[in-house]
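Chemist: My questions are about this predicted structure, shown below with the sequence.
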Amino acid sequence: MAEIEIPATKARAQFLELSKASQRTHKRIMITNRGVGESVLMGRSDYDSMKATLELFMHREVLEQVHANLADLEQGKEVSLEDAFPEMKDQVAEKIKVIAGK
């Protein structure tokens with residue numbers, strides 16, 4: 001996902017266009033003040049996906065399982081959702097729906 005930097009004064013003047021462009025292109029817009037990034041504008045669907053991903057990875061057991069599954073994949077083993085997260089398949093399936101926007 002690309003990121004664009006724009007000064008706060010320009011962002012203020014073009015906010016609606018920037019907001020729509022961010023949603024449409026999935027690009028984050030870094031709003032700067034005197035050349036220093038202070039805020040980020042991003043589309044709602046990207047925000048929801050990022051939030052769901054962060055919430056999912058806040059669970060230690062999920063992170064450990066992801067690492068184990070990545071090791072399996074690197075060895076050429078296929079991993080289904082049910083095998084990857086047997087104790088959390090309902091929670092993971094719900095998060096995937098949020099990420100996919102369904």
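Modeler: Perfect, thanks for sending it.

Chemist: Apart from its chain neighbours, what residue comes closest to the most centrally placed residue in the chain?
Modeler: The residue lying closest to the centre of the chain (Cα atoms, centre = their mean) is M50, at 2.5 Å. Counting by Cβ to Cβ, 6 or more residues apart in numbering, M50 lies nearest to M42, which is 7.8 Å off, once chain neighbours are set aside. From N, CA and C alone the C-beta is placed, and that goes for glycine too.

Chemist: likewise N33?
Modeler: Nearest to N33 is A8, by Cβ to Cβ, 6+ apart, at 5.1 Å.

Chemist: That neighbour is in contact with V36, isn't it?
Modeler: No - A8 is beyond contact range of V36, at 10.2 Å (criterion: Cβ atoms under 8 Å).

Chemist: More neighbours: those two, which one.
Modeler: The residue with more neighbours, out of A8 and V36, is A8; 13 against 7, by other Cβ atoms under 10 Å.
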